[in-house]
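Enquirer: coords please:
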Amino acid sequence: MRIAVPNKGRLHDPTLSLLERAGLHVEETADRQLYADTVDPDVTVLFARAADIPEYVRDGAADVGITGLDQAAESGGVADSASAAADDDLVDLLDLGYGSCKLVLAAPEDGDIERVADLAGGTVATEFPAVTRDYLDRVDVDADVVTVTGATELTPHVDMADAIVDITSTGTTLKVNRLAVIDDVLDSSVRLFARPDVVDDPKVGQVLTAFESVLAADGRRYLMMNAPKQRLDEVKDVIPGLGGPTVMNVEADENGNGMVAVHAVVEERDVFATISELKSVGATGILVTEIERLVE
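Expert: Just a heads-up that it's a prediction; the model follows:
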């Protein structure tokens, strides 16, 4: 199986980090320009421009790809499942939780465009013409779309367009260029995409499970402790865990009191308060560790 991943830019490093955490270490080679092996002999990585990855997957050069939803939507259709996918659609398997941004419709702050309907008969400049045309169809506004390859935010100020559709993360660039957001066009983040014909492939399922296990572990910690057996119910009441805790009998303490070992997964934000409460109900030897992967 071949996974297409971004070869550079802001998505490259977090994607390689995800592969590493998922157990798919990418082997370093001198000629790692296009392909690289992983520790799994059945999985190869293909490095490509983020914008080209959807086409690599559609054309069969890769089986799955990791790139932004904005790039996938610009290149063609995206479906939530293989059964709902049309010809040449990609299936959105998993939101990987990074690279978040928005495509927005924006216009000059002091201009005549204050709502979407004001664009009727106007012109929109964008690097995402397909997404923009789809959006205009959804809002039933007839406007021309001009494709540009950079500096989109300048086009309304040089009379190339009445408004733009562009990516924003913080909105700073829009403010600097005196542009106001009129509407949200698309919420995007990095996703795992696949062709419909490989969605049920066992190896794709393994990769999907590995990625899900990394995401499930984020923001969680593993707690281990000893506690008096007679106070186990109190300990269970304290732990805001993932399901019930694991409980194991251990040797009695120096006073002959029955003891149990309790293990539980808790949200990282709850750890501070939970430890104090556990101590108050007799828990000792409390250990907190990070979780690399969690298969739910």
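
Enquirer: residue 130 against residue 73, yeah?
Expert: Yes. Counting by CB atoms under 8 Å, residue 130 touches residue 73, with 7.4 Å between them. The C-beta positions use only the backbone N, C-alpha and C, and glycine is treated the same way.

Enquirer: so for these two, which sits in the more crowded spot?
Expert: Ranked by neighbour count (other CB atoms under 10 Å), residue 130 and residue 73 place residue 73 first, with 21 against 15.

Enquirer: hmm, that one is touching residue 132, no?
Expert: No. Here residue 73 does not reach residue 132: they are 10.5 Å apart, not a contact under CB under 8 Å.

Enquirer: residue ranges of the strands in the stretch 1-150 of the chain, please?
Expert: 2-6, 35-37, 44-48, 64-68, 78-79, 90-95, 101-108, 123-126, 144-147 (DSSP state E, counting those that start in this stretch).

Enquirer: which stretch among those strands comes nearest residue 286?
Expert: Residue 286 lies closest to strand 90-95 among these, at 33.6 Å (CB to CB).

Enquirer: list the buried residues in the biggest helix by length in the chain.
Expert: For the chain, the helix with the greatest residue count under DSSP state H is helix 202-217. Within helix 202-217, the residues that count as buried by 16 or more other CB atoms under 10 Å are 204, 206, 207, 208, 210, 211, 212, 213, 214, 215, 216, 217.

Enquirer: so which of the strands of the stretch 1-150 of the chain is nearest residue 248?
Expert: Here strand 90-95 is closest among the strands of the stretch 1-150 of the chain (CB to CB), at 33.9 Å.

Enquirer: average model confidence for the closest one?
Expert: What strand 90-95 shows for mean pLDDT is 97.

Enquirer: what do you get for stretch 17-35?
Expert: Confidence over stretch 17-35 (mean pLDDT, whole number) is 84.

Enquirer: what do you get for stretch 38-45?
Expert: Mean per-residue pLDDT for stretch 38-45: 94.

Enquirer: that one spans what distance, first to last residue?
Expert: 7 Å (CA to CA, to the nearest Å).

Enquirer: now the helices for the stretch 1-150 of the chain?
Expert: 12-21, 53-58, 69-75, 129-138 (DSSP state H, counting those that start in this stretch).

Enquirer: which strands or helices does the third one pack on?
Expert: Read it as helix 69-75. Applying 3 or more CB pairs under 8 Å, 6 or more residues apart in numbering; DSSP states H and E, one finds that helix 69-75 contacts helix 53-58, strand 90-95, helix 129-138, strand 179-188, strand 190-194.
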